[in-house]
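K.L.:
Fold the following for me, if possible:
(one chain, ligands or ions: 1)
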Amino acid sequence: MNQKVRVRFAPSPTGGLHLGGVRTVLFNYLFAKQQGGDFIVRIEDTDQGRFVAGAEEYIFNTLKWCGLEPDESPLHGGPYAPYRQSERKANYRQYAEQLVKDGFAYYAFDTPEELETKRKEVANFQYNQFTRGNMNNSLTLSADEVKEKLVSTPYVIRIKMLEDETVVFTDMIRGEVSFNTSQVDDKVLLKADGMPTYHLAVVVDDYLMKISHAFRGEEWLPSAPVHILLWKYLGWGNDMPQWAHLPLILKPDGNGKLSKRDGDRLGFPVFAMDWTDPKTNETTTGFKERGFLPEAFVNLLAMLGWNDGTDREIFTLAELVEKFSMERVHKGGAKFDYEKAKWYNHEWIKELGVGSLELGVRSEFEKKGIVISDDSLFEKVIGLVKDRCTLLPDFVAQGSFFFQSPATIEVDAIKPKWDDKKNMFFTELIRAYELSSVWEMHDLEREFKELAAANQLKPGELMLPFRIMLVGGKFGPGVFDIAALIGKEETVKRIQNTLQLLQA
Ligand code: GLU
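P.N.:
Numbering: from 1, shown residues only. Next comes the predicted model:
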């Protein structure tokens, strides 16, 4: 096979994008970009019953946020358009009919009621090589009956699974994988409404769109034999896309696949971005809205099932493209650890410059109704507090007092060690600061210490009350940095306010 690398992410627009889905996108993307190939997004929306309004837009917004832009998609266009399977409906029937003609598939006329009855009668009923002989299909009915039914009754086309054969293929991650066809049911290929099922559509479109490699979640592994056989039956030779079935992302305790419910239960996001279910109006929080940076999100996803062979953990997207290797993708599932996910975000907040953080931080302040009017102060504040922030909302907790007086002052934390001498000191400090001609961090610190010495007080005992006066509690960056940034008037006002509270 010497064709151009073309990979595809093929989501069904059924709801929010699970982090496992974004990791699938990422691995597709990394592989394609490393090989100078194309990354295609194809929307698999043939199951109209599962279609959810807004889900496609959400998928593209997520990809945009992550910086994983497709080369071809319904939005980006491309030489193999349309990229929405519902718009390709007319393509599929011919292949299903060809399979029937060649004896690899058959018409099935069983009504939904008949199938329902069967399911009730037989536990775990499967339409397969063992049961198809007792059903209503073109294998059991006479040629005339079939002819008549094709015009009078709704019907589906099902694959005729081989009896007891072994299908083998080489997965890029798992190596050789084999299936016995007796385990696989006769999947529907074309539905009564003329829409293909996933199985037919995925094979036909991978072929027509010249897909060379396909990364998808491990949950699709049981479908692989159906796809391999369809490819073979359609006579498309050996150029089947090479499959890579990615290991699952597991619950934190390693017991099974991480689900949205685990996130709700354990209090962390599982979707990439906020998703509001249009039917229930219920919103599920995403990593983005929780305050994750796209750089961190992409980085942490890459590390769920891959490493570069060293203990390095922080990579930009460009570095991931350069370093990615299939050999280093793990076969086993990767446990999701939310604390570790936050660690990545913290590292990325430290790593990025103020300019790259500004937009996200500003929106967090806006959400809390804090208006930033002084951009240069804003930039300084980001620089000052960023090393203390793990998620973007932390910037508000760590920095709101730069823009507004603290809503509450923890006077109870000052009171136990408060006395007249300290009261005197701060009263004098107000006067000294009011007289300061320069308002600069080092001068403020020097004046503070000189005044402490003159009052025979240790600066150490005064710093905590001073901090609480300025920020409201026992946190924040250097206290003289804070005073310098909030300015003379505000510093004096906050000391005065607290002195009053202490007297009350
Ligand atoms: N439409 C499938 C999904 O929703 C895609 C599976 C595949 O990539 O083959 O996940």
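K.L.:
Check whether residue 196 really touches residue 90, as I assumed.
P.N.:
No - between residue 196 and residue 90 there is no contact under Cβ atoms under 8 Å: 10.7 Å. Bear in mind the C-beta positions are built from the backbone N, C-alpha and C, glycine included.
K.L.:
These two: which has the busier surroundings?
P.N.:
Legend: neighbour count by other Cβ atoms under 10 Å for residue 196 and residue 90, higher for residue 196 (27 against 8).
K.L.:
Enumerate every residue touching that one.
P.N.:
Each residue near residue 196 by Cβ atoms under 8 Å, 6 or more residues apart in numbering is listed here: 46, 85, 89, 92, 96, 189, 190, 204.
K.L.:
What residues does this protein have near the ligand?
P.N.:
10, 11, 12, 44, 198, 202, 216, 220 (Cβ under 6 Å from any ligand atom).
K.L.:
my guess is the fourth one meets residue 86, correct?
P.N.:
No - counting by Cβ under 8 Å, residue 44 does not reach residue 86; the two are 9.1 Å apart.
K.L.:
which of these two has more neighbours?
P.N.:
residue 44 (20 against 16).
K.L.:
helix, strand or coil for residue 46?
P.N.:
coil (DSSP: H, G, I helix; E, B strand; the rest coil).
K.L.:
now it: how far from residue 215?
P.N.:
From residue 46 across to residue 215, the span is 21 Å (Cβ to Cβ, to the nearest Å).
K.L.:
With residue 141 instead?
P.N.:
Applying Cβ to Cβ to residue 141 and residue 215 gives a distance of 42 Å.
K.L.:
neighbour count winner among the two?
P.N.:
residue 215 (27 against 17).
K.L.:
What's the first helix or strand after the one helix or strand the more buried one maps to?
P.N.:
If you go by DSSP states H and E, residue 215 is part of strand 213-217. Next helix or strand after strand 213-217 toward the C-terminus (DSSP H and E): helix 224-233.
K.L.:
and the next element down the chain from that following helix?
P.N.:
strand 242-246.
K.L.:
What's the first helix or strand after that next one?
P.N.:
Assigned by DSSP H and E, the successor of strand 242-246 is strand 249-250.
K.L.:
for the record, mean pLDDT for that next one?
P.N.:
What strand 249-250 shows for mean pLDDT is 96.
K.L.:
Same question for stretch 14-29.
P.N.:
pLDDT averaged over stretch 14-29 gives 96.
K.L.:
Then stretch 253-268?
P.N.:
Computed over stretch 253-268, the average pLDDT equals 94.
K.L.:
And stretch 297-305, by the same measure?
P.N.:
97.
K.L.:
Just checking the distance from that stretch to the centre of its chain.
P.N.:
10 Å (Cα atoms, centre = their mean, to the nearest Å).
K.L.:
what sits up against it?
P.N.:
Under the criterion Cβ under 8 Å, 6+ apart, residues 19, 22-23, 26, 30, 66-68, 246-247, 249, 272, 287-288, 313-317, 320, 324, 329-330, 333-334, 336, 340-341, 344-345, 348 lie in contact with stretch 297-305.
K.L.:
Indicate the residue of the stretch 51-200 of the chain located nearest to the ligand.
P.N.:
With Cβ to the nearest ligand atom as the measure, residue 198 is the residue of the stretch 51-200 of the chain nearest to the ligand, at 5.7 Å.
K.L.:
ok, that residue to residue 230 distance?
P.N.:
11 Å.
K.L.:
got it, and residue 45?
P.N.:
20 Å.
K.L.:
do the same with residue 26
P.N.:
28 Å.
K.L.:
by contact count, what packs against whichever strand or helix holds residue 462?
P.N.:
Counting by DSSP H and E, the element that carries residue 462 is helix 459-471. If contacts are counted by 3 or more Cβ pairs under 8 Å, 6 or more residues apart in numbering; DSSP states H and E, helix 459-471 sits against helix 420-435, helix 441-454, helix 479-486, helix 488-503.
K.L.:
CA atoms only: put it into PDB for me.
P.N.:
Provided in PDB are the C-alpha atoms of helix 459-471 (Å, rounded to 0.1, in the frame of the first residue of the first chain):
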ATOM      1  CA  PRO A 459       7.700  42.600  60.700                       C
ATOM      2  CA  GLY A 460       6.800  38.900  60.700                       C
ATOM      3  CA  GLU A 461       4.000  39.600  63.200                       C
ATOM      4  CA  LEU A 462       2.600  42.400  61.100                       C
ATOM      5  CA  MET A 463       2.700  40.800  57.700                       C
ATOM      6  CA  LEU A 464      -0.300  38.500  58.300                       C
ATOM      7  CA  PRO A 465      -2.600  41.200  59.600                       C
ATOM      8  CA  PHE A 466      -1.500  43.400  56.700                       C
ATOM      9  CA  ARG A 467      -2.200  40.600  54.200                       C
ATOM     10  CA  ILE A 468      -5.700  39.900  55.600                       C
ATOM     11  CA  MET A 469      -6.400  43.700  55.500                       C
ATOM     12  CA  LEU A 470      -5.600  43.800  51.800                       C
ATOM     13  CA  VAL A 471      -6.900  40.500  50.500                       C
END
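K.L.:
what sits up against it?
P.N.:
Contacts to helix 459-471, defined as Cβ under 8 Å, 6+ apart, come from residues 401, 406, 409-411, 413-414, 417-418, 422, 425-426, 448-449, 452, 474, 476, 479, 482-483, 486, 491, 494-495, 497-498.
K.L.:
Counting neighbours, what do you get for the residue in the stretch 151-300 of the chain that the ligand sits nearest to?
P.N.:
Going by Cβ to the nearest ligand atom, the ligand is nearest to residue 216 of the stretch 151-300 of the chain, at 3.4 Å. Residue 216 has 21 neighbours, counted by other Cβ under 10 Å.
K.L.:
and it, what are its bridge partners?
P.N.:
Applying DSSP bridges to residue 216 gives these bridge partners: residue 245.
K.L.:
List the contacts of it.
P.N.:
10, 24, 243, 244, 245, 246.
K.L.:
For the first one, give its distance to residue 205.
P.N.:
As defined by Cβ to Cβ, residue 10 lies at a distance of 8 Å from residue 205.
K.L.:
so who does residue 148 touch?
P.N.:
Going by Cβ under 8 Å, 6+ apart, the list of residues near residue 148 is empty.
K.L.:
Quickly find the element holding it.
P.N.:
In this structure, residue 148 sits in helix 143-152 according to DSSP H and E.
K.L.:
partner strands of the helix or strand following that helix, parallel or antiparallel?
P.N.:
Using DSSP H and E, the helix or strand that follows helix 143-152 in sequence is strand 156-159. Applying DSSP bridges, strand 156-159 is found paired with strand 105-108 (antiparallel), strand 188-190 (antiparallel).
K.L.:
Residue 29: what secondary structure?
P.N.:
Following three-state DSSP, the label given to residue 29 is helix.
K.L.:
what about it, how many residues close to it?
P.N.:
The local packing of residue 29 (other Cβ under 10 Å) involves 27 other residues.
K.L.:
I'd say it and residue 39 touch.
P.N.:
Yes - shown here, residue 29 and residue 39 form a contact pair, counting by Cβ under 8 Å, at 5.1 Å.
K.L.:
which neighbours do those two share?
P.N.:
7, 68.
K.L.:
Most distant residue from the centre of this protein?
P.N.:
residue 454 (58.3 Å; Cα atoms, centre = their mean).
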